[in-house]
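Undergrad: no sequence on this one, just coordinates:
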């Protein structure tokens, strides 16, 4: 920045061709140029606007906090908070579920070990893996639906862990299968012996069967990625200052997140117990939309930037691309491809590309990816709330026509604005549906 | 953007060195890289965040508007709005003042003509110009203070026009003087005749005395700049689409501006008629700070981007640099140098550099610029309100220690955040002081 300013100042003080001592200001002080905010200027450095957003967010939150404190006093009841996670203090079903997840990971590892040793046929392995993966999805859902002491928040947490485990083990199985296929192909093509002299082949330091250890498995399970690789790129050391800064952000953002959630919950509660006319519903929807969106943004930063970076730094995991520049996305597709890179990478590597390879058309494959994503969204919402309404599923599926519409009619900054509006308005509509139905189901009957 | 995404996708589909047909996913899918939001990534394209701000602003305003409509109905009284500008419908003092401004501009032109013709001595010209400029400052102030039918809004408008005229004529006089000085120096150095063959000299197409026409003078008076030049750079043609887009923005932003002003005025009114304790004052200050700041931002965009660009496009004025990237400013000085380029250019060319030339130290010159700026701020606020409180003056002068503090202790994103906070919090404090005193003076006595 200072370089740029210096250049422009320098221009003023440029000595004129003639008589610079007599007429200091006579050199031209205007030149033909565009304003920075005009799209034709090509300027795009708005780092300061990001800081502005953070400052505004902190100030607004502080004000809201102070206002609520003055109006109502402290409303948050610690017992109420705990009761979000626990119904019965002597039974911890969500925690038990999470601990039980280890069983499935170890099962997958042992299947792979026997496959590598040759004591299990390829088909037998596929059947066992499929069973294992299906159980990972069904078992926690059944537990949540059957055990009455599971709270919705605890259930969401446990089901998220299981979903992540499912995706990771799916990738684990695929990569190991690819390794075996490659080894076979190599053996078939070059039976004269290993061509280790060729530098290209030594792309992974760890060779196939050597990766099937507990250590390797648990590194993968905790690593902030869903795609298995034999040898993850590692960062050379743990940068203490970086770690502290991210930890500080993580700690700082978390209460903001909780606080905002609580504010929204209050608005929601207010919202659902009244019969309202049309204009009032729109007004309330807008009132809900903004804090809801802010929560999503804080959550995004807290999870994808702070938390995953802390985890990666501690594990010396090298690849920190957890998101790309989705804030500039000018189409809905670009947004979905860039906001959640771990999931996007997984979908591309283990779902989209294998389908394309089998001759499925691009469009069908894309729709299938959205369908799978919609299924998991629904799974993570409906099961914990014990309420099957398909709003989340429909919300995800609505992205396909939306993507088509935005891509067809809008581009540039208008496309970007459309993506933002769909985020700001679309989410709270889905949230509102669930919250409304949940209150009607659980509270209205009892009053 | 799409290029970037394409590159990353391409990477996934890169064929592996060996057996690409068997193991499609075995090429590395992770690599060592930083998250985009980490400062070490060096990434700074946040154009989308700007769009986000606009979308949020529009949505929040729409909600606020709807809420107020539901709560209070339509409060804006058209007669009340008109009464902001006019007290007595048969007397239009502000408009008369603005029309009278032509006299001073023509006076300056005629002084220059006589100076160019040699029928007035250099000293006589200086005296006449000084008198003319002093009258430009004092005459409207006296009228505003004496005539009772002037409203504060009308007075601010008229005084702004006069201040701009003052700065423009100051520049006009300076540049013409430099031209005469140069002509003299040229005549003294090269009495053999004009060296027109030298390409360097022909930097301005219009030569000195030929510029002293009514046409040239009025082009300068309406042009969106404060610095006079013999030959302004011109854009080749009026771009109709660009003009329409800016006009649309101008028209769209104006009601938003008015609406926000009205909301703040309501908050202010609520604020001033109550005795409040300490925590409530802070809460109210924060409540005022955010919309106040948003008004300033909308005003900035409306005036510096939309309006000045419309004016420039219509006049085919080439230089559209009305602001630089002040949103990234990491020091208070950088902010003041970049948010208002017309004034900054004027200060640099006609105030700071001449002072430096006369041997004044850099620091003193800078302080003097801030003093002059503080004087004009106070002039534009105190005279229309008929209330001399020096809050604006002190606010401007407080920038000097603030600049020192921020520059000394903070840099990078922290410095940027400090600048934003000083903008968001600093302004409403000054505004609050005036509003409070104005209400106490004008309304409390009558109740």
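TA: Structure's in. What do you need? As the structure is a prediction and not an experimental result, all values here were calculated from the model.
Undergrad: now residue A:63: closest residue in space, sequence neighbours ignored.
TA: What sits nearest to residue A:63 in space, not counting adjacent residues and going by Cβ to Cβ, 6 or more residues apart in numbering or on different chains, is residue B:286, at 3.9 Å. The C-beta positions use only the backbone N, C-alpha and C, and glycine is treated the same way.
Undergrad: pretty sure that neighbour contacts residue A:62?
TA: Yes - Residue B:286 sits in contact with residue A:62 when judged by Cβ atoms under 8 Å, with a separation of 6.6 Å.
Undergrad: the more surrounded of those two?
TA: Neighbours around residue B:286 and residue A:62, counted as other Cβ atoms under 10 Å in any protein chain shown, are more numerous at residue B:286. The numbers are 19 against 14.
Undergrad: show me what contacts residue A:331?
TA: Applying Cβ atoms under 8 Å, 6 or more residues apart in numbering or on different chains, we find residue A:331 in contact with A:403, A:406-407, A:411, A:415, A:419.
Undergrad: quick one: secondary structure of the residue nearest to residue A:63?
TA: Remark: residue B:286 carries the secondary structure label helix [criterion: DSSP: H, G, I helix; E, B strand; the rest coil].
Undergrad: can you map out the strands along chain A?
TA: Using DSSP state E, no strands are found in chain A.
Undergrad: just checking, what's the longest helix in it?
TA: Among the segments of chain A that qualify as a helix by DSSP state H, the longest is helix A:152-189.
Undergrad: is it anywhere near chain B?
TA: Yes - for helix A:152-189, a contact with chain B is found by Cβ under 8 Å from any Cβ of the partner chain, at A:174-175, A:178-179, A:181-182, A:184-186.
Undergrad: give me the neighbour count for the residue nearest to residue A:111 when sequence neighbours are not counted.
TA: What sits nearest to residue A:111 in space, not counting adjacent residues and going by Cβ to Cβ, 6+ apart, is residue A:128, at 5.0 Å. Applying the criterion other Cβ under 10 Å, we find 19 residues in the vicinity of residue A:128.
Undergrad: could you pull out the helices for the stretch 101-250 of chain A?
TA: Listed in chain order, the helices of the stretch 101-250 of chain A (DSSP state H, counting those that start in this stretch) span A:122-146, A:152-189, A:214-222, A:240-272.
Undergrad: what's the nearest residue to residue A:309 if we skip its chain neighbours?
TA: Nearest non-adjacent residue to residue A:309, counting by Cβ to Cβ, 6+ apart: residue A:246, 4.8 Å away.
Undergrad: now do the contacts for that neighbour.
TA: Contacts were defined as Cβ under 8 Å, 6+ apart; by that measure residue A:246 touches A:305-306, A:309-310, A:313.
Undergrad: how about residue A:307?
TA: Contact analysis of residue A:307 by Cβ under 8 Å, 6+ apart lists residue A:250.
Undergrad: how close does it get to residue A:146?
TA: If you measure residue A:307 against residue A:146 using Cβ to Cβ, to the nearest Å, the figure is 31 Å.
Undergrad: could you list the low-pLDDT ranges of the stretch 301-447 of chain A?
TA: In the prediction, the stretch 301-447 of chain A carries residues with pLDDT under 70 at positions A:443-447.
Undergrad: let me see the contact set for residue A:322.
TA: For residue A:322, the contacting residues are A:224, A:304-305, A:308-309, A:340-342, B:35, taking Cβ under 8 Å, 6+ apart as the criterion.
Undergrad: inside helices: which ones of these?
TA: In helices, defined here by DSSP H, the members of these are A:308-309, A:341-342.
Undergrad: would you map the helices across the stretch 301-447 of chain A?
TA: Using DSSP H, counting those that start in this stretch, helices in the stretch 301-447 of chain A cover A:308-314, A:332-338, A:341-347, A:353-357, A:362-385, A:391-397, A:399-409, A:412-439.
Undergrad: okay, buried residues for the first one please.
TA: By neighbour count, and taking 16 or more other Cβ atoms under 10 Å in any protein chain shown as the criterion, the buried residues in helix A:308-314 are A:308-310, A:312-313.
Undergrad: centroid-nearest residue for chain A?
TA: Within chain A, the residue whose C-alpha comes closest to the C-alpha centroid is residue A:340; the distance, by Cα atoms, centre = their mean, is 4.1 Å.
Undergrad: which residues are in contact with that residue?
TA: Taking Cβ under 8 Å, 6+ apart as the definition, contacts of residue A:340 comprise A:304, A:322-323.
Undergrad: rerun at 10 Å
TA: Going by Cβ atoms under 10 Å, 6 or more residues apart in numbering or on different chains, residue A:340 touches A:226, A:300, A:303-304, A:322-324, A:326, A:346-347, A:373.
Undergrad: how near is it to chain B?
TA: Here the distance between residue A:340 and chain B works out to 13 Å (Cβ to the nearest Cβ, to the nearest Å).
Undergrad: give me phi/psi at that residue?
TA: phi -130, psi 90 (degrees, to the nearest 10).
Undergrad: try residue A:235
TA: When quoted as degrees, to the nearest 10, the phi and psi of residue A:235 stand at phi -80, psi 150.
Undergrad: look at it and say how many residues are nearby.
TA: Counted with other Cβ under 10 Å, residues neighbouring residue A:235 total 17.
Undergrad: so what pLDDT did it get?
TA: Looking at residue A:235, its pLDDT is 87.
Undergrad: please apply the same query to residue A:162.
TA: Reading off the confidence values, residue A:162 has pLDDT 95.
Undergrad: verify the stated contact: it with residue A:97.
TA: Yes - under the criterion of Cβ atoms under 10 Å, residue A:162 is in contact with residue A:97, at a separation of 7.5 Å.
Undergrad: so what sits against both of the two?
TA: Contact criterion Cβ under 10 Å, 6+ apart; residues shared by residue A:162 and residue A:97: A:139-140, A:143-144.
Undergrad: buried ones among the residues you listed?
TA: Buried positions within those, assessed by neighbour count (16+ other Cβ under 10 Å), are A:139-140, A:143-144.
Undergrad: and the furthest pair within the residues you listed?
TA: When these are compared pair by pair using Cβ to Cβ, the farthest-apart members prove to be A:139 and A:144, with a separation of 9.8 Å.
Undergrad: thinking again about what came up before, list just the nearest of the buried residues of helix A:308-314 to chain B.
TA: residue A:309 (6.0 Å; Cβ to the nearest Cβ).
Undergrad: list the residues that contact that closest one.
TA: A:224, A:242-243, A:245-247, A:249-250, A:317, A:320, A:322, B:34-35, B:37-38 are the contacts of residue A:309 under Cβ under 10 Å, 6+ apart.
Undergrad: now residue A:412. Nearest residue, chain neighbours left out?
TA: Among residues not flanking residue A:412 along the chain, residue A:330 sits closest, at 6.2 Å (Cβ to Cβ, 6+ apart).
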